[in-house]
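Chemist: sequence first, predicted coordinates after that:
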Amino acid sequence: MSTVTVADAPPRKKKSLIGASLVFSAWTLVSRLMGFARDIVLTSALGASATIAADAFYTALSFPNLFRRIFAEGAFAAAFVPAYARKLEGEGADKADALASDALATIAAATIILTVAAQLAMPWLMHVINPGYASDPAKFKLAILLTTITMPYLPCMAIVALLSGVLNARHRFALSAGVAAVLNIVMLIAVLPQHSPEGAAKAASVGVLVAGVIQATMLFVGARRTGAKIRVRLPRLTPEIKALIGLAIPGAIAASATQINIFVSQALASMGEAGARAWLNVADRLYQLPLGLVGVAVGVALLPRLAMAVQARDHDGARDAMDEALTFTLALTLPAAAALFAMPVFLIDGLFTRGAFHAYDAQQTALALLHYGWGTPAFVLVRILTPAFFARLDTKAPMRFALISVVANIVLGVGLFQVIGFSGIAAATSAASWLNVTMMWMTLRKRGDYTPTKQAVSRWARIALSAGIMGALLFAAQTFRPMVEAPFAGMSLDLFGHHVLGPKEYAVAAVALAGVALYALLLPLTGAIRPADLKRALKRDPKTKAPAGADLL
């Protein structure tokens, strides 16, 4: 009697774009909530302006993270996923998995070499990464040590990125999104027992490295469980790998403009007052929430669908996919942006002021968050518009736009820093991202690749109206904050000797829930999104199939 293997089982229907995005977003939400718990513990333990540990650790975290975001959300999205998906559909799983094995060997070797070189050159690199640290020898030395520890996280994340691409091309999004929670768990375990800022920084850095190894292992095992025959081999520069590299290099630059801008901003911040690097990092965590939940999630689900529509010359299908993606994106991003812009002080002080993170740190961080708030839609839209180019195998145009936005960010950052101080760095990053979005949008229209339908534009306007009304409520809550916090007086929760919840935390949670509830009512009332629209969007696409065994993970 024959048995049915994962590879032989009947194909299953593929999730809709919104359905796939929601799977990714749900797991990402779990990770981000755990990330908030991690960040609350970290900011309390590390502080900001009062210690050297915070700036040093966030430097150690940001340097490999820059490359993680480039590889995970740039190069592979641009080159590997469409190539693997086409191989899977056109030539079968064996050919696709052979390509993945060669790509895995190549990217692992490249990032290991880059990591070793960076570790050896770290004292000189630190002058480039954070030139302002040179005036504080203790901070400079600690930053070098911590960054040397965290650098091996880069090859681990490059491997995770490739294996996530394999899973996503096979329409499996849960594991690649859920594995991010491992970093938060490991870092919490590492930091909670510590009692000094420098001890916490060193423990957190080791936790980053340990988490990377665990994540890479989980994705390798997970990919093989879906039936992908990924093998460990020596790197080979085959014609296909050379073609991937040719697409990946400009694609990585194009898809990572926001991250490069942020990195430049942090380098500028190192030349400001003590704690500036930490302030930017804390603000970064809040606006990265909609970017991770929405931008990355929709971009990951959108690229394979767009690539197939473009290959089939289905112009209407490609336009509908973009309309759907942008509507879903704006529906979730605009209220988040409104919240960041309307009540930055309430959010930062309520969530992070504790331990070594003082009220002054919260005020400065809120200034950065205010300017990141109006840039948040642009940060996310970059993730949605970029696949429209990548699906057509055009990585050079987005690369040009990205480079222009980086130059604009540097010029504006230096100028605004001199005029309005620290918060000008955040304002420059937001302005540069909007410039990037504008250039991509105009190019897509000019080429005839994408013009939204009137119905989509009408929905976007109604979504903006709903988010604006919600934002007004949140601004009022920040204005009358003492009245909002009064009902929660006396409520407190401590965990492992750390203050976790008190009146201000409960008040932030209550206001956030009230805002969500109001927005949920406004969407159908304004006709932006009705329950029937969401139900229709979540239906599986009967015309496309996902690989067998997809529900294993």
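Modeler: Received, thanks.
Chemist: can I get stretch 233-253 as PDB, trimmed to CA atoms?
Modeler: Below are the C-alpha coordinates for stretch 233-253, written out as PDB (Å, rounded to 0.1, in the frame of the first residue of the first chain):
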ATOM      1  CA  ARG A 233      26.700  22.800   1.000                       C
ATOM      2  CA  LEU A 234      29.700  24.800   0.000                       C
ATOM      3  CA  PRO A 235      28.900  28.000  -1.900                       C
ATOM      4  CA  ARG A 236      28.800  27.900  -5.700                       C
ATOM      5  CA  LEU A 237      28.500  30.900  -8.000                       C
ATOM      6  CA  THR A 238      26.200  29.300 -10.500                       C
ATOM      7  CA  PRO A 239      24.600  31.500 -13.200                       C
ATOM      8  CA  GLU A 240      21.400  31.600 -11.200                       C
ATOM      9  CA  ILE A 241      23.200  32.800  -8.100                       C
ATOM     10  CA  LYS A 242      25.000  35.400 -10.000                       C
ATOM     11  CA  ALA A 243      21.700  36.600 -11.400                       C
ATOM     12  CA  LEU A 244      20.200  36.700  -7.800                       C
ATOM     13  CA  ILE A 245      23.200  38.800  -6.600                       C
ATOM     14  CA  GLY A 246      22.700  41.200  -9.500                       C
ATOM     15  CA  LEU A 247      19.100  41.700  -8.500                       C
ATOM     16  CA  ALA A 248      19.700  41.600  -4.700                       C
ATOM     17  CA  ILE A 249      22.300  44.300  -4.400                       C
ATOM     18  CA  PRO A 250      20.200  47.200  -5.800                       C
ATOM     19  CA  GLY A 251      17.100  45.600  -4.400                       C
ATOM     20  CA  ALA A 252      18.600  45.600  -0.900                       C
ATOM     21  CA  ILE A 253      19.500  49.300  -1.100                       C
END
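Chemist: how far away from the center of its chain is it?
Modeler: In this view, stretch 233-253 has its centroid 24 Å away from the chain centroid, taken as Cα atoms, centre = their mean, to the nearest Å.
Chemist: cool, stretch 425-445 as well?
Modeler: 17 Å.
Chemist: buried sites along it?
Modeler: Under the neighbour-count criterion of 16 or more other Cβ atoms under 10 Å, stretch 425-445 has 425-437, 439-440, 443-444 buried. C-beta: built from backbone N, CA, C; applies to glycine.
Chemist: swap in stretch 238-249?
Modeler: Glu240, Ile241, Leu244, Ile245, Leu247, Ala248, Ile249.
Chemist: tell me how far the first one lies from Leu99.
Modeler: Right, Glu240. For Glu240, the distance to Leu99 equals 6 Å [Cβ to Cβ, to the nearest Å].
Chemist: what's the overlap in contacts for the two?
Modeler: Ala83 (Cβ atoms under 8 Å, 6 or more residues apart in numbering).
Chemist: and after the biggest helix by length in the chain, which helix or strand comes next?
Modeler: The single longest helix within the chain, with elements called by DSSP state H, is helix 359-390. Under the assignment DSSP states H and E, the closest C-terminal helix or strand after helix 359-390 is helix 396-420.
Chemist: buried ones in that next one?
Modeler: Those would be 397-399, 401-403, 405-406, 408-410, 412-413, 416-417, for helix 396-420 by 16+ other Cβ under 10 Å.
Chemist: closest to Ala507 out of the residues you listed?
Modeler: Leu416 (32.4 Å; Cβ to Cβ).
Chemist: these two touch, right, the closest one and Ala427?
Modeler: Yes - taking contacts as Cβ atoms under 8 Å, Leu416 lies within contact range of Ala427: 5.5 Å.
Chemist: does anything pack onto the host helix or strand of Leu523? Which helices or strands?
Modeler: Taking DSSP H and E as the criterion, Leu523 maps to helix 503-526. Helix 503-526 sits against helix 315-342, helix 344-352, helix 454-479, helix 481-485, with contacts defined as 3 or more Cβ pairs under 8 Å, 6 or more residues apart in numbering; DSSP states H and E.
Chemist: now do that helix: distance to the chain's middle.
Modeler: For helix 503-526, the distance to the chain centre is 24 Å (Cα atoms, centre = their mean).
Chemist: use 56 as the first number for this chain going forward.
Modeler: In the new numbering, first residue 56, that becomes helix 558-581.
Chemist: and Thr205, how far from Ala111?
Modeler: From Thr205 to Ala111 the distance is 11 Å (Cβ to Cβ).
Chemist: which of these two has more neighbours?
Modeler: Between Thr205 and Ala111, counted using other Cβ atoms under 10 Å, Ala111 has the larger neighbour count: 31 against 24.
Chemist: pull out the buried residues from the helix or strand hosting that one.
Modeler: Assigned by DSSP H and E, Ala111 belongs to helix 108-125. Going by neighbour count (16+ other Cβ under 10 Å), the buried part of helix 108-125 is 108-125.
Chemist: same thing with stretch 174-181?
Modeler: Those would be Met177, Leu180, Met181, for stretch 174-181 by 16+ other Cβ under 10 Å.
Chemist: which ones are touching the second one?
Modeler: Right, Leu180. Ala173.
Chemist: how about it, secondary structure?
Modeler: Using DSSP: H, G, I helix; E, B strand; the rest coil, the structure places Leu180 in helix.
Chemist: so it versus Thr203, what's the distance?
Modeler: 10 Å.
Chemist: same check, this time on Ala303
Modeler: 27 Å.
Chemist: same deal with Ala100?
Modeler: When Ala100 is compared with Thr203 (using Cβ to Cβ), they lie 21 Å apart.
Chemist: and what of Asn464?
Modeler: Asn464 is 28 Å from Thr203, by Cβ to Cβ.
Chemist: pLDDT below threshold where in the stretch 106-255 of the chain?
Modeler: 123-133, 226-229, 231-232 (pLDDT under 70).
Chemist: swap that for the stretch 256-405 of the chain, please
Modeler: For the stretch 256-405 of the chain (pLDDT under 70), the answer is 305-318, 321, 327-328, 345-367.
Chemist: hmm, try it at 90
Modeler: Scanning the stretch 256-405 of the chain for pLDDT under 90 picks out the ranges 271-388, 391, 402-405.
Chemist: which parts of it are helices?
Modeler: Ranges of helices in the stretch 256-405 of the chain, per DSSP state H, counting those that start in this stretch, are 294-310, 312-324, 331-345, 352-366, 370-397, 399-407.
Chemist: now the last one against helix 414-445, angle please.
Modeler: What it means is helix 399-407. Orientation check (axes from the mean of the first three to the mean of the last three Cα atoms, to 10 degrees): helix 399-407 against helix 414-445 gives 100 degrees.
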